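**Student:** I need the structure of the sequence given here:
(chains A, B, C and D)
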Number of protein chains: 2
Amino acid sequence: MADISPDARAEIADAVRDALAEHGYERLTTAKIAEHYAKSEAGLYYYYDTKDEMIAAFLEHTAGQLGEELAAIDGGPEQQLRAACDHLFLSPDDEDAGVHVAIMELLSHAPHNETLREPLLGLESATLELFAGIVRQGVDSGVFRDVDPRASAAFLLAAADGSTGFHVALEMDVGADIERGWSGYIDSLLADDA
Amino acid sequence: MADISPDARAEIADAVRDALAEHGYERLTTAKIAEHYAKSEAGLYYYYDTKDEMIAAFLEHTAGQLGEELAAIDGGPEQQLRAACDHLFLSPDDEDAGVHVAIMELLSHAPHNETLREPLLGLESATLELFAGIVRQGVDSGVFRDVDPRASAAFLLAAADGSTGFHVALEMDVGADIERGWSGYIDSLLADDA
DNA sequence: GTCTATAGCTAGATAGAC
DNA sequence: GTCTATCTAGCTATAGAC
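**Tutor:** Down below sits the predicted model:
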C-alpha cells in the first residue's frame, strides 16, 4: 500500500468503480472487483491489504476526477453554479447513477468504517469548497445577493446528495420537481437590481 | 408474515431499529437484532421469513411514526415548515442520528433490493406529501410566494436527506451552515408584501 | 411459540507454485 | 507479479425438542 504505480492504481480504481456501480457496496465482493479487472482476484491483494483499502483508493481517484470536472466549468458565477448542479443532480438513467448511489452507500458507513472516513471527507469537502468558491465569486461580483457562501453551498450540496437517495436510487418520480427546486433556489440567490 | 400481532410487530420493529442504529445495515445480523429482542434469534424467524422482511416491517412502522410526528406540528405554514425541518435536519449527536443514517443506507440499496423498495417508497412519499401540503397551505394563504409546492418540498427533503450523509454520518463541521441554508431558503419562500 | 444446535453457504484473505 | 487452490470465520435459515 506504499508505492503503487499510477497505472495499477487507476486500473484497480476503475475496476472498483465499475463493480460498485453494478452491485453496490453491500453485494460487492473481491471476486466481483476482479471480474472488472484484467488480472486475478489474488492480484488485487498484491497491491492492497483489504477490500476497503481498494475502495478508499477508488474514492481518492474519484475526488481528483470530480475536482477536475467541476474546476473545468467556465462562465459567470450563475452559469457555473447551474452547470455544477447539472453535474451533481443526476437522474436514474444517467450513466453515473450507480456510482453516485454507491458513494451514498459508502457515506452511510462512515460512522462504522474508519478506513473510508478520510477519503469520503476529502471528496465531500472538496466538492463543498468548489461550490462555496463559485457562490463567493457571485456575491463578490454582485451577481448574487449577500448570502453566506458556505451555507448556500452546503445546502445545495446536501440537496444534490439527498436527491441521489429518493430520486436516483428509489426512482421516485420527482425529476422535474427536483430540477425546479434547485433552479428556483439559484434564482433566489440572484441580486434583484430591478 | 400474514397475521402478526401488533405487539410482536412493534417489538421486532424496535429491535431492528436499535440494532440498525448501532451497527448499520451492512454489519447487521439477525443475531444482533436478537440482542435487542426479548426472545431468541430463531424466534424472529417464527414471524418473518427473511432478515429483509424484518427490516421492511421496521420501515413501515417508522413511516407511521414519522407521519404522526409531522402531522402533530401546529402553527402557521411558516412555523410548521420550520418545525418540520428542525425535525428532519439532524446533528450527529441527535439520538435519532443512527436511525437516519441507517435509512439512508437502506435507500442506497433500493436498486438492488426489491423487498425494501416499497416500504422505502412509502416512507419517502409520505414525507414529501406532508412537506408539500405545508408549502401548499402557505402559498394558498399568501404567506409564501407563488412557488411550486412539490418542487420546494422535494428540494427541502433532498437537502435534509443529503445532510444526513456528510453532516450526520461523516460529521463534517457544517452544522451552522446547513441550518443557515434551510432557514434562509424558507426565508426566500416568504411573500414580500413589504 | 420459543428454544438450542447446526447445516450449508459465501466471502475475505493467504499459501505457495510459477 | 500473477496465478490457482484453499483455509477459516461468520452469517442466514432451518430442524427438531420442548
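**Student:** Which pLDDT value goes with A:Leu156?
**Tutor:** Listed pLDDT for A:Leu156 reads 98.
**Student:** now swap in A:Ala2 and tell me
**Tutor:** A:Ala2 carries a pLDDT value of 52.
**Student:** Say whether DNA strand C is contacted by the longest helix that chain A contains.
**Tutor:** Counting by DSSP state H, the longest helix found in chain A is helix A:114-140. No: using CB under 7 Å from any atom of the strand, helix A:114-140 stays clear of DNA strand C, coming no nearer than 9.8 Å. Bear in mind the C-beta positions are built from the backbone N, C-alpha and C, glycine included.
**Student:** Any buried residues in that helix, and which?
**Tutor:** For helix A:114-140, a neighbour-count test (16 or more other CB atoms under 10 Å in any protein chain shown) marks A:116-117, A:119-128, A:130-139 as buried.
**Student:** where does chain A come near DNA strand D, residue by residue?
**Tutor:** A:Ser5, A:Ala8, A:Lys39, A:Ser40, A:Glu41, A:Ala42, A:Gly43, A:Tyr46.
**Student:** Counting neighbours, which of these comes out on top?
**Tutor:** Sorting those by how many neighbours each has (other CB atoms under 10 Å in any protein chain shown) puts A:Ala8 first, at 17 neighbours.
**Student:** nearest residue to that residue other than its sequence neighbours?
**Tutor:** In space, and not counting its chain neighbours, A:Ala8 is closest to A:Tyr47: 5.7 Å by CB to CB, 6 or more residues apart in numbering or on different chains.
**Student:** from what I can see the one you found touches A:Ile12, true?
**Tutor:** Yes: contact criterion CB atoms under 8 Å: A:Tyr47 and A:Ile12 qualify, at 6.3 Å.
**Student:** rewinding a little: what about the residue nearest to A:Ala8, how many residues nearby?
**Tutor:** Neighbour count for A:Tyr47, taken as other CB under 10 Å: 18.
**Student:** do the same with the one 3 residues further on
**Tutor:** If you count neighbours by other CB under 10 Å, A:Thr50 ends up with 12.
**Student:** Quick check: closest non-adjacent residue to it.
**Tutor:** A:Thr115 (7.3 Å).
**Student:** and that neighbour, what does it touch?
**Tutor:** Shown in contact with A:Thr115 (CB atoms under 8 Å, 6 or more residues apart in numbering or on different chains): A:Thr50, A:Asp52, A:Glu53, A:Ile55, A:Ala56.
**Student:** Redo the residues you listed as CSV? Include secondary structure, pLDDT and distance to A:Asp146.
**Tutor:** Shown next, in CSV, are the contacts of A:Thr115 (DSSP: H, G, I helix; E, B strand; the rest coil; pLDDT from 0 to 100; distance: CB to CB, whole Å):
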residue, secondary structure, pLDDT, distance to A:Asp146
A:Thr50, coil, 98, 48
A:Asp52, helix, 98, 44
A:Glu53, helix, 98, 45
A:Ile55, helix, 98, 41
A:Ala56, helix, 98, 39
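**Student:** got the residue ranges for the helices in chain A?
**Tutor:** Counting by DSSP H, the helices of chain A are A:6-23, A:30-35, A:41-47, A:51-71, A:77-88, A:97-108, A:114-140, A:149-163, A:175-189.
**Student:** Does DNA strand C have contacts with the third one?
**Tutor:** Yes: Helix A:41-47 comes into contact with DNA strand C when judged by CB under 7 Å from any atom of the strand, the residues involved being A:Glu41, A:Ala42, A:Tyr45.
**Student:** Now do that helix: distance to the chain's middle.
**Tutor:** On the basis of CA atoms, centre = their mean, to the nearest Å, helix A:41-47 sits 26 Å off its chain's mean C-alpha point.
**Student:** how about the residues of chain A that lie near DNA strand C?
**Tutor:** A:Arg27, A:Leu28, A:Thr29, A:Thr30, A:Ala31, A:Glu41, A:Ala42, A:Tyr45, A:Asp49, A:Thr50, A:Lys51, A:Asp52.
**Student:** Which pair of those residues spans the longest distance?
**Tutor:** Spanning the widest gap among the residues of chain A next to DNA strand C are A:Arg27 and A:Asp49, at 21.8 Å by CB to CB.
**Student:** Now the two most distant members of the residues of chain A next to DNA strand D.
**Tutor:** Using CB to CB, the residues of chain A next to DNA strand D span at most 19.5 Å, a distance reached by A:Ser5 and A:Glu41.
**Student:** A:Ala38 against A:Glu11, yeah?
**Tutor:** Yes: with contact defined as CB under 8 Å, A:Ala38 reaches A:Glu11; the gap is 6.7 Å.
**Student:** which residue is nearest the middle of chain A?
**Tutor:** Closest to where the C-alpha atoms of chain A average out (CA atoms, centre = their mean) is A:His100, at 6.1 Å.
**Student:** re earlier: adding pLDDT and distance to B:Ser163, write the residues of chain A next to DNA strand D out as TSV.
**Tutor:** TSV is the format used below for the residues of chain A next to DNA strand D (pLDDT from 0 to 100; distance: CB to CB, whole Å):
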residue	pLDDT	distance to B:Ser163
A:Ser5	94	39
A:Ala8	95	36
A:Lys39	98	40
A:Ser40	98	41
A:Glu41	98	38
A:Ala42	98	41
A:Gly43	98	40
A:Tyr46	98	40
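**Student:** Nearest to DNA strand C among these?
**Tutor:** A:Ala42 (3.8 Å; CB to the nearest atom of the strand).
**Student:** How about the contacts made by that closest one?
**Tutor:** Counting by CB under 8 Å, 6+ apart, A:Ala42 has no contacts.
**Student:** I'd assumed A:Gly138 was in contact with A:Phe144.
**Tutor:** Yes: shown here, A:Phe144 and A:Gly138 form a contact pair, counting by CB under 8 Å, at 3.7 Å.
**Student:** hey, what's in contact with both of these two?
**Tutor:** In contact with both A:Phe144 and A:Gly138: A:Pro77, A:Glu78, A:Leu189, using CB under 8 Å, 6+ apart.
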